[in-house]
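1. Structure here, sequence nowhere to be found:
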Ligand code: ARG
């Protein structure tokens with residue numbers, strides 16, 4: 001049986017089924033590199049505090065470096081016989097450093113280690129997500145440039161509303177994702193990763209020894225802030241997990257809405273877009289099908305991401321202050337949501353350049369007179385009509401055209417004047433075009 005870090009006070013062996021139930025190594029091995037970093041700082045602090053000889057400090061550091069290089073070159077595989085990554089690494093250090101390994105955990109607690117490890121993981125994954133978001137933003141910008149100046153049908157309530165520019169449509173998503181990027185960035189600015197909390201009450205290792213150790217090990221690099229200010233709070237806190245999952249959830253909500261548009265706009269009913277084939281699938285029965293499965297799976301995955309956020313929020317809500325084992329359950333939701341989002345963003349950066357517009361279909365769609373109700377009302381306002389009256393006139397005009405199955409643009413001057421004396425065929429034909437519609441919008445700062 002794998003040696004435990006806490007066996008001394010127990011006479012009986014742990015129930016085998018419970019041991020399995022409590023194990024976290026099968027997922028917390030992902031924290032290995034951060035756990036080693038924590039150990040390196042801790043060993044240096046112990047040495048600074050006079051609690052290790054030069055020889056012991058060197059043996060421990062060499063052993064940790066050796067384990068770390070295994071993680072870096074990909075040869076490290078977690079030993080699933082251990083309870084968690086802390087115990088697994090302790091064992092590896094014992095094998096390399098012999099007796100000195102007995103001092104590695106001096107006055108340290110896994111409560112401190114796990115808070116440090118998860119925070120460092122969050123820091124590194126938030127950075128990685130920012131890089132992937134940037135790639136998606138570039139892809140959106142390229143698409144906007146590719147179709148620069150092109151008009152596109154704009155909707156509200158999924159009904160024809162007004163004409164917009166396709167570049168504005170692309171930028172709409174870019175703005176949402178840029179806000180997400182800012183959220184990840186400001187999260188990083190606020191994340192502080194202290195050391196030296198012990199189990200909950202600090203330890204006899206002086207804070208100066210930790211401050212020096214952080215400087216020595218990290219050489220001013222990285223997010224580790226220094227000695228802990230409130231040890232109890234540090235081991236109690238998982239706000240940084242909840243906050244990161246909240247940012248991931250908002251980003252995922254944006255991706256889900258984007259997916260919804262892509263699915264809708266590529267259907268036979270809309271036909272505005274052609275989606276890249278590499279991201280679509282067919283049907284085993286219906287040979288004609290080209291399904292937008294990437295978009296559907298991305299939309300569908302939103303349930304998982306929200307579930308992960310709610311899972312951690314719910315786990316935390318009833319916990320008394322300090323560390324409680326329940327907190328182990330933050331990791332799977334955290335890892336799962338971040339891995340999913342990063343995967344989606346990486347694919348999206350390749351998906352977006354493959355989107356093509358069916359310009360002929362779009363031009364035909366924009367022929368629908370319903371898109372130009374506002375422009376006709378705007379024309380009347382320019383002739384001095386009060387907007388409320390103009391709205392009423394255009395409403396009646398559109399209703400008339402619908403009831404009589406005719407085009408407003410084809411109505412005679414006389415018929416149009418019947419609705420308002422300022423209306424005439426030339427004027428309505430001038431304002432009821434996509435180009436007029438977009439060019440007459442002056443409130444947008446471009
Ligand atoms: N595996 C635990 C977690 O993920 C860390 C160690 C727990 N500490 C303890 N005293 N049992 O939260």
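-> Great, that's in hand. This is a predicted model, so every value here is computed, not measured.
2. What residues does residue 205 make contact with?
-> Contact partners of residue 205, counting by CB atoms under 8 Å, 6 or more residues apart in numbering, are 45, 46, 49, 51, 106, 107, 196. To be clear about C-beta, it is placed using only N, CA and C from the backbone, and glycine gets the same treatment.
3. So which of these wins on neighbours?
-> Neighbour counts for the contacts of residue 205 (other CB atoms under 10 Å) peak at residue 45, which has 30 neighbours.
4. Regarding that one, what is its secondary structure?
-> Put simply, residue 45 is helix when judged by DSSP: H, G, I helix; E, B strand; the rest coil.
5. give me the number of residues near the nearest residue to it once chain neighbours are set aside?
-> On the basis of CB to CB, 6 or more residues apart in numbering, the spatially nearest residue to residue 45 that is not a chain neighbour turns out to be residue 213, at 4.0 Å. Here the number of neighbours of residue 213 (other CB under 10 Å) works out to 26.
6. my guess is residue 213 contacts residue 38, does it?
-> No - counting by CB atoms under 8 Å, residue 38 is not a contact partner of residue 213; they are 10.6 Å apart.
7. overlap in contacts of those two?
-> Residues touching both residue 213 and residue 38 (CB under 8 Å, 6+ apart) are residue 195.
8. list the helices and strands the helix or strand containing residue 398 packs on?
-> Secondary-structure element containing residue 398, defined by DSSP states H and E: helix 387-403. Contact here means 3 or more CB pairs under 8 Å, 6 or more residues apart in numbering; DSSP states H and E; on that basis helix 387-403 packs against helix 373-382.
9. which residues sit against the helix it packs on?
-> Contacting residues not belonging to helix 373-382 are listed as 162, 387, 389-391, 393-395, 397-398, 408, 420, 422-423, 427-428, 431-432, 436-437, 440 [CB under 8 Å, 6+ apart].
10. try 6 Å this time
-> Here helix 373-382 makes contact (CB atoms under 6 Å, 6 or more residues apart in numbering) with 162, 387, 390, 391, 394, 398, 422, 427, 431, 437.
11. can you count the residues close to residue 288?
-> Neighbour tally, residue 288, other CB under 10 Å: 6.
12. any idea how far residue 279 is from it?
-> The spacing between residue 288 and residue 279, counted by CB to CB, to the nearest Å, is 18 Å.
13. circling back: can you state the direction angle for the helix holding residue 398 and helix 373-382?
-> Counting by axes from the mean of the first three to the mean of the last three CA atoms, to 10 degrees, helix 387-403 points 140 degrees away from the direction of helix 373-382.
14. Please work out the average pLDDT along helix 387-403.
-> Here helix 387-403 scores 98 as its mean pLDDT.
15. In contact with the residue nearest the centre of the chain, which residues?
-> By CA atoms, centre = their mean, the chain has its centre lying nearest to residue 248, at 3.3 Å. Contact criterion CB under 6 Å, 6+ apart gives 337, 341 as the residues in contact with residue 248.
16. what sits up against the helix holding residue 398?
-> 373, 376, 377, 380, 381, 408, 419, 420.
17. Please tabulate those in a markdown table, including the columns distance to residue 157.
-> Shown next, in a markdown table, are the contacts of helix 387-403 (distance: CB to CB, whole Å):
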| residue | distance to residue 157 |
| --- | --- |
| 373 | 14 |
| 376 | 20 |
| 377 | 19 |
| 380 | 24 |
| 381 | 24 |
| 408 | 22 |
| 419 | 26 |
| 420 | 27 |
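18. Can I get the buried part of the residues you listed as one ChimeraX selection?
-> The following ChimeraX selection, which keeps only the buried ones among the contacts of helix 387-403, applies the criterion 16 or more other CB atoms under 10 Å:
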select :373,376,377,380,408,419,420
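19. The contacts of helix 387-403: which two are farthest apart?
-> 381 and 408 (17.2 Å; CB to CB).
20. helix/strand/coil for residue 367?
-> At residue 367 the chain is in coil, as set by three-state DSSP.
21. Kindly report the same for residue 201.
-> Secondary structure state of residue 201, per three-state DSSP, is coil.
22. Now it. Nearest residue, chain neighbours left out?
-> In space, residue 201 comes closest to residue 231 once its chain neighbours are excluded; the distance is 5.9 Å by CB to CB, 6+ apart.
23. and the one you found, how many neighbours?
-> Neighbourhood size, residue 231 [other CB under 10 Å]: 23.
24. how close does it sit to residue 202?
-> Taking CB to CB as the criterion, residue 231 is separated from residue 202 by 5 Å.
25. same thing with residue 264?
-> 57 Å.
26. same question, residue 154
-> As for residue 154, its distance to residue 202 is 59 Å (criterion: CB to CB).
27. can you check residue 157 too?
-> Applying CB to CB, one obtains 58 Å for the distance of residue 157 from residue 202.
28. Same check on residue 335?
-> Counting by CB to CB, the gap between residue 335 and residue 202 amounts to 29 Å.
29. Then residue 216?
-> Plainly put, residue 216 is 21 Å away from residue 202 if you go by CB to CB.
30. do the same with residue 444
-> From residue 444 over to residue 202 the distance is 56 Å, taken as CB to CB.
31. Those two - which one has more neighbours?
-> For residue 444 and residue 202, the more surrounded residue by other CB under 10 Å is residue 202, and the numbers stand at 18 against 9.
32. ok now the longest helix anywhere in the chain, how far from the chain's centre?
-> Ranked by residue count and defined by DSSP state H, the top helix of the chain is helix 110-146. Between the mean C-alpha point of helix 110-146 and the mean C-alpha point of its chain there is a distance of 8 Å (CA atoms, centre = their mean, to the nearest Å).
33. Quick check: next helix or strand after it?
-> Downstream of helix 110-146, the next assigned helix or strand under DSSP H and E is strand 151-156.
34. residues in contact with that next one?
-> Contact with strand 151-156 is made by 161, 162, 163, 164, 166, 169, 365, 366, 434, 438, as judged by CB under 6 Å, 6+ apart.
35. Please flag which of the residues you listed sit within strands.
-> Judged by DSSP state E, the contacts of strand 151-156 include 161, 162, 163, 164 as members of strands.
36. Write a PyMOL command that selects only the buried members of those.
-> Filtering these down to the buried ones (16+ other CB under 10 Å) takes a single PyMOL command:
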select buried, resi 162+163+164
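37. Against the ligand, which of the ones in strands among the contacts of strand 151-156 make the cut? List them.
-> Of the entries in those, none also sits close to the ligand under the rule CB under 6 Å from any ligand atom.
38. Would you mind putting the ones in strands among the contacts of strand 151-156 into a markdown table with pLDDT alongside?
-> A markdown table is the format used below for the ones in strands among the contacts of strand 151-156 (pLDDT from 0 to 100):
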| residue | pLDDT |
| --- | --- |
| 161 | 98 |
| 162 | 98 |
| 163 | 98 |
| 164 | 98 |
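39. Kindly report the residues of the stretch 251-400 of the chain close to the ligand.
-> Taking CB under 6 Å from any ligand atom as the test, the list of the stretch 251-400 of the chain residues beside the ligand reads 325, 327, 328.
40. Just give the closest residue to the first one, not the sequence neighbours.
-> Counting by CB to CB, 6+ apart, residue 325 lies nearest to residue 22, which is 7.7 Å off, once chain neighbours are set aside.
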